[in-house]
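> I need the structure of the sequence given here:
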Amino acid sequence: CEPARFVLHQKIFQIIVNMAQKLVNRLMLAGRVLPAPNVLKVNWSKGQRFTASDDPDRLDPSLLLWKDPSFLSNKNPVESRLRTTVDELDLIGHQIVPGYREGRSFARVVHNVLDEEDCAQLLRLVNQKGFTPALLTIEGGLQQFAPHLRDGLQVAINSARLTQHLFEVIRPNLPNVITEGRETGKGGGSEAKLVELNESCRFLCYKPGQVFNPHADIQYCRPENHQNSGDVSRVTVLLYLHDLPLENGGATTFVSKSRAVFSGGKVKEEEVKQGQFKLGFNARAGSVLLFTQDLLHEG
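Numbers count the residues shown, from 1 in each chain. Next comes the predicted model:
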């Protein structure tokens, strides 16, 4: 039975590949068909853990696997900021409960942070490096291969130039201070002051059927050898590189009584079972979803 089982698995794999290619062929970016992801083979085993020295993300600069996009030299982020628009997401009205803290938690979408040509260039450079299975960040600064919890793909890079550019574009939409009590910084609790975006970038890709189960993002802490050691993240910055129709799935979903869906586009609200509501945003190239890391979400 083993050969037959192997053939069956191969057929299922080929069907999934064909589905992914058909989906990609329907998606456009900057007037061109979206390229299929360049997926690299790995020999990782389920549950395997990695330290920073293992470098599963191939971040060693001596490997010469990454170069920054040219638009960083050609575009003024302050001028780009003037073209942005913002949609505030109604967490209270849609009963976002798990992790939500009044006056502190927020989620908003900033549109037109990048244009489609910028997105296409960035995606082309990411694809040149090549995708590997997405890893979970766990305690002690380790990463773990856990495809039963997260089975998407990712490319990791470190680029202070890219994140500084994005930071200058979206800066007015970030709180200057976050405390345990209020986003504005008024009230009790310890304060976290806005400094910058950290340079650690993760480009994610999900094929049909792949998912990242409900979770809250782990706060990123800069390591001891960093010049700003001890800096800790409080907000997730999620940049969309291409449009994705709502009917294709793949939206970022904040877990709530209403299963509100946020993924970066025009509001679409519809009634679902048991009087609940679903608030949908079609993914839009160049839009950024900002949310505090206390919110439970999936995608």
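> which secondary element of this protein has the worst mean pLDDT?
For the chain, using mean pLDDT, DSSP states H and E, the weakest element among its helices and strands is strand 267-271, scoring a mean of 39.
> where does Asp217 fall, phi/psi-wise?
phi -60, psi 130 (degrees, to the nearest 10).
> That one: what's it in contact with?
By Cβ atoms under 8 Å, 6 or more residues apart in numbering, the residues touching Asp217 are Ser233, Thr236, Gln293. Glycine gets a C-beta too; all of them are placed from N, C-alpha and C.
> Could you check the pLDDT of the residue positioned nearest the centre of the chain?
Nearest to the mean C-alpha position of the chain, counting by Cα atoms, centre = their mean, stands Leu238 at 4.2 Å. At Leu238 the predicted local distance difference test score is 91.
> my guess is it contacts Thr252, does it?
Yes - with contact defined as Cβ atoms under 8 Å, Leu238 and Thr252 form a contacting pair (6.7 Å).
> which residues are in contact with both of these two?
Contacts common to Leu238 and Thr252, judged by Cβ under 8 Å, 6+ apart, are Leu289.
> any idea how far Asp115 lies from Phe71?
Counting by Cβ to Cβ, to the nearest Å, the gap between Asp115 and Phe71 amounts to 9 Å.
> Can you flag which of the contacts of Asp217 belong to strands?
Thr236 (DSSP state E).
> With distance to Arg83 and neighbour count as extra columns, can I get the contacts of Asp217 in CSV?
Shown next, in CSV, are the contacts of Asp217 (distance: Cβ to Cβ, whole Å; neighbours: other Cβ atoms under 10 Å):
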residue, distance to Arg83, neighbour count
Ser233, 26, 17
Thr236, 23, 18
Gln293, 28, 18
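> And the contacts of Asp217, which is closest to Ala216?
Nearest to Ala216, judged by Cβ to Cβ, of the contacts of Asp217 is Gln293 at 6.3 Å.
> which residues sit in contact with that closest one?
Contacts of Gln293 (Cβ under 8 Å, 6+ apart): Ala216, Asp217, Ile218, Gln219, Ser233, Arg234, Val235, Thr236.
> quick one: low-confidence ranges for the chain?
Regions of the chain meeting the criterion pLDDT under 70 cover residues 1-25, 93-99, 180-189, 211, 213, 246, 249, 255-282, 299.
> what ranges do the helices span in it?
2-25, 71-74, 77-81, 116-129, 160-170 (DSSP state H).
> can you pull the contacts of the nearest residue to Ser105 once chain neighbours are set aside?
Excluding the flanking residues, the one nearest Ser105 by Cβ to Cβ, 6 or more residues apart in numbering is Thr292, at 4.8 Å. Residues near Thr292 by Cβ under 8 Å, 6+ apart: Arg104, Ser105, Phe106, Ala107, Ile178, Arg234, Val235, Thr236.
> now Thr292: how far from Arg108?
10 Å.
> Give me the spatial nearest neighbour of Leu194, chain neighbours excluded.
Per Cβ to Cβ, 6+ apart, closest to Leu194 is Asn176, 5.1 Å.
> So what's the residue count around that neighbour?
Asn176 is flanked by 11 other residues according to other Cβ atoms under 10 Å.
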